[in-house]
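Engineer: After the sequence you'll find the predicted model.
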Amino acid sequence: MKEKSTIMKTRRELFDYLEEQMNKTYRQVLGTKRLESESTFVKTFLLEFDWEQSGKNKRDTNLLVDSLTLPTTSKRKKECKPDISETHEDGFYKVTWNRTKGKIKIYLDTSSDVDRRFWIAYSLSDAAELDVLLDGLSKTQTAFDRVWLWPEYLFKTQEKGEFRGIGLDYDYRQFEKEERKTESTNYFKMQVWGGKETKQILEYIKNEFPKKTVLSKIRMKYWFNENSEDMFALEDIKYNGKFTTRGTSFSNHQTLVSNVRCEYSKKIKEMENNHIIRWDDNDNTVELKGDPIFFNIDEPIENLEAFCKVVFSGSLPFRLWGVPQKINGNDGLMVPTVDLHTGSNLSFEIFNDLICMYLYPGACGNTIARFFTNLQHYYGCIVKAFDIDGNSVF
Amino acid sequence: MTNFFIGLFRGIKYYPKANEIKDLGYQIFQIEPKINIISLGKEVNPDAISYSNKMSHTIIAEWTAHKSINEQTGNQFTNYMAVSFEDLSNAGLPRNALSLKSNLFVVVDEYKDKFVDFFYQKDTTNIMLCSLSTNETNETELKCCVGNLQDEKLSGIFKQGIKTRKLFMGYIPILKNDINTAFGKRVIITNISSLTRRNKNVEFTSNELCSKIFGLWKKYGPNERSQIVTKAHNVIREISNKSYFDGWFDRSNDTPPKWSISPPNGKNINMFLKLAEKYISEITDEPYQPDLFERYE
């Protein structure tokens, strides 16, 4: 099953085509337990884009070429510019990159979100190649980021359908290495596929290993209308906003994606409104808006310096850069920080049992979701986020 | 003190008693507001004003690092005490918060005695003097020395004292006196680094950088801004003169002069961070001593 070489001119046309692919892959897997060669699942990605940062005055297609170009990483490699093809619908594009292993194609919907901030990308290209490309873009293009679905949110999403499996991913080894532990074995990864009982398995493991049970992927069967049982989507949803789907109804898949986007976008905007610290200036009066966000840690951080070395090294997964500073009259460390994903300024105060995060004008709520999600994946699921009143933020 | 006051009155739950203050309905009205005192024909700028509609009470707060009380400080305190309900109303305080008003003064614990003597001579039914101290175990304490606030509940909270080992300093991340310190230099290089993440060729003036770094930039008067910009400019010059930054910084002759940053031949803009880290490692690593009594003049 090869990708169509012609351009889909409308989203409806694309949806019909993808529904056909969903059905085919579902039947193949059902019949043979595996995909035929050259056959791929439908992949959908939720992405975040900052138009302001990229230059409002540019034409959309020019801006997209700039923002979706993978810059060169070495003298030998050339930058990888995409080819953008317009369709009959505004804000709906076909984007093609020529990579060494072949072409990567996506259909990009930049306009169905009211603010055009959260995009949906659809593709039948190779999953691994797509992941490398999108990760590369989010690392190098500060206006472009993936979404970050924290474990509790993944679980809530899974409850909208029927459980078909879970993926867990916890990896403390970077911290262990910095703490000079002799053996780095502090990680916990597994995937369990099956039926409804996978929910019980998750509950059992979580009970036994609360710190390490970090949901990174969910598999679910989703019906929009429970009375039409034969119209469904079987979804794998990863914490970075990647949906892999098969089944009988693309519209059910689209509804779920759109629903996740809507909830995620609402949460991000709410966080930006409540947690970006700004001093609004009206005539001669200055009004403070926004408060920091607090991450409460059940198990105290033993070594603050080692913790900061990992979190603020500028490397993956946190991609925050800063040098901590001791402060008199305070038990913690203060860290003026750069978010390397977005290039924005932040500040942290790190205590043994608490992390206080300040976002300043120009910062993005996605940074909070990314930090919270990664903190759980790499430090432990014992972190809760609160506002100044102690209300849960996520 | 500004950060501490903001955190207390916004109710950061990790400050003891901050939730009680918030439950009484207190909120920050403004930092450094301008108040015209009609009776004296003078304008004053207290450090902060907080109010509660629920308790019908407004607090005019002022902190000073002065070691003793001289004529000027005494007059300043007396002026704050002369602020009337009408003056507060003219400044935009809600009517409901203007049945009661109090003055809160905070001084350095070490120097409190001279101030206590001054306030003992006053009617302290609506004046409270507090002191702020930091001890060797990193505990910061705000305690009442003398006087009362008109809201008895709030008065009671301050009389019990507020101790914390966690100070939340990020509402106003950098203060004007910090700019030449190791901490200030870190903040400057961190902010420049953030610019390099967004653009391949960065251009900025020292003034633009300062307005980005100082949240309350517009509260400073023109002279003070100009002093800060000069200091920041010198720090940027110091950074740009480092041999490892050779070829990275360029300064135009425009007025005001513009700094531009671009990678020298064969280098990648991402390398700027490594050099910034090198610069920070050269700066002394002594703990940052925040100036708890800084004010915006």
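Structural biologist: Perfect, I can see it now.
Engineer: in chain A, which spans are helices?
Structural biologist: Taking DSSP state H, the helices of chain A run over residues A:11-32, A:51-54, A:60-67, A:127-140, A:151-158, A:173-178, A:197-208, A:250-275, A:304-311, A:365-378.
Engineer: now swap in chain B and tell me
Structural biologist: Going by DSSP H, chain B shows helices at B:2-10, B:18-23, B:71-81, B:85-90, B:112-120, B:152-160, B:182-198, B:206-213, B:222-240, B:272-282.
Engineer: Show residues contacting the longest one.
Structural biologist: Looking back up the chat, that one is helix B:222-240. Helix B:222-240 has contacts (C-beta atoms under 8 Å, 6 or more residues apart in numbering or on different chains) with B:176, B:179-180, B:184-185, B:188-189, B:192, B:206-207, B:209-210, B:213-214, B:217, B:220, B:245, B:248-249, B:251, B:256-257, B:259, B:279, B:296-297. (Glycine included, C-beta is placed from N, CA and C.)
Engineer: re earlier: between the helices of chain B, which one is nearest to residue A:148?
Structural biologist: Ranking the helices of chain B by their distance to residue A:148 (criterion: C-beta to C-beta) puts helix B:182-198 first, at 18.7 Å.
Engineer: just the CA coordinates of that closest one, formatted as CSV?
Structural biologist: Extracted in CSV, the C-alpha atoms of helix B:182-198 (Å, rounded to 0.1, in the frame of the first residue of the first chain):
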residue,chain,number,x,y,z
ALA,B,182,28.1,38.0,40.0
PHE,B,183,24.4,37.3,40.1
GLY,B,184,23.6,40.4,37.9
LYS,B,185,26.2,39.3,35.4
ARG,B,186,24.7,35.8,35.3
VAL,B,187,21.3,37.3,34.6
ILE,B,188,22.7,39.5,31.8
ILE,B,189,24.6,36.7,30.1
THR,B,190,21.6,34.4,30.5
ASN,B,191,19.3,36.9,28.9
ILE,B,192,21.7,37.5,26.0
SER,B,193,22.0,33.7,25.6
SER,B,194,18.2,33.5,25.3
LEU,B,195,18.3,36.0,22.4
THR,B,196,20.8,33.9,20.6
ARG,B,197,18.4,30.9,20.7
ARG,B,198,15.8,32.8,18.8
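Engineer: Next one, pLDDT for residue 255 please.
Structural biologist: Went with chain A since none was named. Reported pLDDT at residue A:255 in the predicted model: 97.
Engineer: Chain B, not that one
Structural biologist: For residue B:255, the model assigns a pLDDT of 83.
Engineer: same thing with residue B:287?
Structural biologist: Residue-level pLDDT assigned to residue B:287 equals 58.
Engineer: cool, residue A:287 as well?
Structural biologist: With respect to pLDDT, residue A:287 has a value of 77.
Engineer: Ok, residue A:4 next?
Structural biologist: Among the per-residue scores, residue A:4 shows a pLDDT of 63.
Engineer: likewise residue A:76?
Structural biologist: We have a pLDDT of 66 for residue A:76.
Engineer: picking that back up, so can I have TSV of the helices of chain A showing mean neighbour count and distance to chain B?
Structural biologist: Formatted as TSV, the helices of chain A follow (neighbours: other C-beta atoms under 10 Å in any protein chain shown; distance: least, C-beta to the nearest C-beta, whole Å):
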stretch	mean neighbour count	distance to chain B
helix A:11-32	16	32
helix A:51-54	15	6
helix A:60-67	16	11
helix A:127-140	17	9
helix A:151-158	19	21
helix A:173-178	18	16
helix A:197-208	14	27
helix A:250-275	18	11
helix A:304-311	19	12
helix A:365-378	24	12
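Engineer: rank these by mean pLDDT and give me the bottom one.
Structural biologist: helix A:51-54 (a mean of 76).
Engineer: and the chain, what are its domains?
Structural biologist: Here I'm looking at chain A. With domains defined by automatic domain parsing, chain A comprises A:11-146, A:151-274, A:276-386.
Engineer: To clarify, I was referring to chain B.
Structural biologist: If you go by automatic domain parsing, chain B breaks into B:2-164, B:176-282.
Engineer: Distance from the last one to the middle of the chain?
Structural biologist: When distances are taken as C-alpha atoms, centre = their mean, to the nearest Å, domain B:176-282 is centred 22 Å away from the chain's centroid.
Engineer: The longest one too?
Structural biologist: Its chain's average C-alpha position is 15 Å from that of domain B:2-164, according to C-alpha atoms, centre = their mean.
Engineer: got the end-to-end distance for it?
Structural biologist: With C-alpha to C-alpha, to the nearest Å applied, domain B:2-164 spans 15 Å between its terminal residues.
Engineer: and what of stretch A:316-331?
Structural biologist: This stretch, stretch A:316-331, spans 27 Å end to end (C-alpha to C-alpha).
Engineer: Tell me the spacing between whatever residue of the stretch 1-150 of chain B ends up closest to chain A and residue B:167.
Structural biologist: Going by C-beta to the nearest C-beta, chain A is nearest to residue B:134 of the stretch 1-150 of chain B, at 3.6 Å. Applying C-beta to C-beta, to the nearest Å, the value for residue B:134 to residue B:167 is 9 Å.
Engineer: and what of residue A:32?
Structural biologist: Residue A:32 is 63 Å from residue B:167, by C-beta to C-beta.
Engineer: so where is the stretch 101-250 of chain B shaky, pLDDT-wise?
Structural biologist: The stretch 101-250 of chain B contains no residues with pLDDT under 70.
Engineer: can you count the residues close to the nearest residue to residue B:162 once chain neighbours are set aside?
Structural biologist: Among residues not flanking residue B:162 along the chain, residue B:142 sits closest, at 4.6 Å (C-beta to C-beta, 6 or more residues apart in numbering or on different chains). Residue B:142 is flanked by 22 other residues according to other C-beta atoms under 10 Å in any protein chain shown.
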